[in-house]
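>>> predicted model, plus sequence, below.
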Amino acid sequence: MTGKKALIVGAGLGGLATALRLRRRGYEVEMVEMYRQAGGRLNQLTSGGFTFDMAPTFFSMSYHFDEFVRDAGIEMPFRFVQIDPLYRVNFRGSDRWYTIYRDLDRLARQFEDIEPGFRERMERFLASSGVLFDDIEKGVLSKNFRSLPDFLFQMTKIPVKHTPKVLRSVWSEMSRYFNSYEVRVIFSLVSFFLGATPFDTPAVYTLLSYTEMVHDGYHNVEGGMYRIVEGLVREAEKAGIKITYNVTIAGYESTGKRNRAFVDTAGRRWEADFFVVNADAAMFRGRVFGRPAFSDKKLDRMQWTLAPLTLYLGVKGKMENIHHHNYFLGDRDYEPYSKGIFRNRVSLEKPYYYVNANAVFTWACPAEYSGDYRP
């Protein structure tokens, strides 16, 4: 034991992982969480016998979990399930579904009639994205960007041969390889994972297509994504890490430049030798630390990435022909619709939407409503 105590604010995945890493290194660790349960943005809602994963519905780069459990000295507390097919797409006004498989032969059969030579085109596209991924994964992808100048500086580390991808958009890059409108739309959807559109996202992020189609694919977890949180909480309990819920930090006490304690809304002081804040960075800097650059007024003037309007529906009855991940898109209005989202000019009468159907898993709903799908 080091004799040092760490206080972690926020029991999301980052906070839980940090707690277990620090505990392995001999620190006493305590956590506070404002919600009634752990998980942060990866959470769970239960109602009427239905169970919903909140926010993340899949993940990629599963090997980061392998590194984590080795470093924390624990066994993997949940089981991965690889998702294949990855998702399905339907365009408004059409009965046709496009099912996105990782297997290129099966995938090509979905598109050959609208994109002749699809397999060869996709192989060239993925090969280019794969080289990009290999060249920048450790040098750029693993870095945090603390400011726009920092982001631009990190971009200079991308090998010169990839410079055109920095200057082109994802949509422009797709248009270099594919002629079909449907193909371009479907394989540019990954841009929205970044909270942006394919028309303003740099083409370097086409590497996401490589990660989903070739590199590691998409994964879920047996029993739902929240099993990740439950597993980490169990490990934290075994390690003697105390988590106190329903605690909202409102202020802090410091001596000089050193933080001494956080103070919650009930006036309780939370002391430690050092502190880790796993909360929304902008919010915490403004409302807790009182930094002028992060005041609510200044934050409201910024252009933020997309946030979804999410509805959780428990449907009584079985829905046929539904997959785990489903996209319902418009009819050839992709660019104006995408750009309109950021200008609040999108009509809710004809929305694009994504359906994550938890009910295909038996754990997610009452038995009489469940499907029998297994990814």
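Yep, that arrived.

>>> where does the stretch 1-150 of the chain have low pLDDT?
Across the stretch 1-150 of the chain, the ranges flagged by pLDDT under 70 are 138-139.

>>> now tell me what touches stretch 235-244 from outside.
Outside stretch 235-244, the residues that touch it by C-beta atoms under 8 Å, 6 or more residues apart in numbering are 11, 16, 19-20, 23, 29-33, 38, 72, 74, 77, 233. Yep, even glycine has a C-beta here, placed from its N, CA and C like the rest.

>>> same thing but at 10 Å, please
Residues from elsewhere that reach stretch 235-244, judged by C-beta atoms under 10 Å, 6 or more residues apart in numbering: 6, 8, 11, 15-17, 19-20, 22-24, 27-33, 37-38, 69, 72-75, 77, 232-233, 264, 268, 270.

>>> now do that stretch: distance to the chain's middle.
With C-alpha atoms, centre = their mean, to the nearest Å as the basis, stretch 235-244 stands 25 Å off its chain's centre.

>>> what does stretch 38-53 give?
16 Å.

>>> distance-wise, check the closest residue in space to residue 55 that isn't next to it in sequence relative to residue 226.
Spatial nearest neighbour of residue 55, chain neighbours left out: residue 41 (4.6 Å); criterion: C-beta to C-beta, 6 or more residues apart in numbering. For residue 41, the distance to residue 226 equals 12 Å [C-beta to C-beta, to the nearest Å].

>>> what's the answer for residue 285, then?
Distance of residue 285 to residue 226, given as C-beta to C-beta: 29 Å.

>>> same deal with residue 96?
Here the criterion is C-beta to C-beta. By it, residue 96 lies 34 Å from residue 226.

>>> of the two, give the one with the bigger neighbour count.
Taking other C-beta atoms under 10 Å, residue 96 and residue 226 do not tie; residue 226 has more neighbours (23 against 11).

>>> pairing partners for the nearest residue to that one once chain neighbours are set aside in the sheet, please.
Using C-beta to C-beta, 6+ apart and skipping residues adjacent in sequence, the residue nearest residue 226 is residue 44, 3.9 Å away. Taking DSSP bridges as the rule, residue 44 bridges to residue 53.

>>> so what's residue 361 scoring on pLDDT?
Residue 361 carries a pLDDT value of 64.

>>> what count of nearby residues applies to residue 66?
Using other C-beta under 10 Å, residue 66 is surrounded by 10 other residues.

>>> surely it and residue 76 touch.
Yes. Counting by C-beta atoms under 10 Å, residue 66 touches residue 76, with 7.8 Å between them.

>>> mind listing what residue 270 touches?
With contact set as C-beta under 10 Å, 6+ apart, residue 270 has these partners: 7, 9, 30-32, 244, 247, 249, 252-253, 261-264.

>>> adding secondary structure, distance to residue 205 and neighbour count, write those out as JSON lines.
Output for those, formatted as JSON lines (DSSP: H, G, I helix; E, B strand; the rest coil; distance: C-beta to C-beta, whole Å; neighbours: other C-beta atoms under 10 Å):
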{"residue": "7", "secondary structure": "strand", "distance to residue 205": "36", "neighbour count": "21"}
{"residue": "9", "secondary structure": "strand", "distance to residue 205": "31", "neighbour count": "22"}
{"residue": "30", "secondary structure": "strand", "distance to residue 205": "38", "neighbour count": "17"}
{"residue": "31", "secondary structure": "strand", "distance to residue 205": "33", "neighbour count": "26"}
{"residue": "32", "secondary structure": "strand", "distance to residue 205": "35", "neighbour count": "22"}
{"residue": "244", "secondary structure": "strand", "distance to residue 205": "39", "neighbour count": "13"}
{"residue": "247", "secondary structure": "coil", "distance to residue 205": "37", "neighbour count": "20"}
{"residue": "249", "secondary structure": "strand", "distance to residue 205": "34", "neighbour count": "22"}
{"residue": "252", "secondary structure": "strand", "distance to residue 205": "37", "neighbour count": "16"}
{"residue": "253", "secondary structure": "strand", "distance to residue 205": "42", "neighbour count": "12"}
{"residue": "261", "secondary structure": "strand", "distance to residue 205": "41", "neighbour count": "15"}
{"residue": "262", "secondary structure": "strand", "distance to residue 205": "36", "neighbour count": "22"}
{"residue": "263", "secondary structure": "strand", "distance to residue 205": "41", "neighbour count": "15"}
{"residue": "264", "secondary structure": "strand", "distance to residue 205": "39", "neighbour count": "18"}
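
>>> CSV for the residues you listed, including distance to residue 206?
CSV is the format used below for the contacts of residue 270 (distance: C-beta to C-beta, whole Å):
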residue, distance to residue 206
7, 41
9, 36
30, 43
31, 38
32, 40
244, 44
247, 42
249, 40
252, 42
253, 48
261, 47
262, 42
263, 46
264, 45
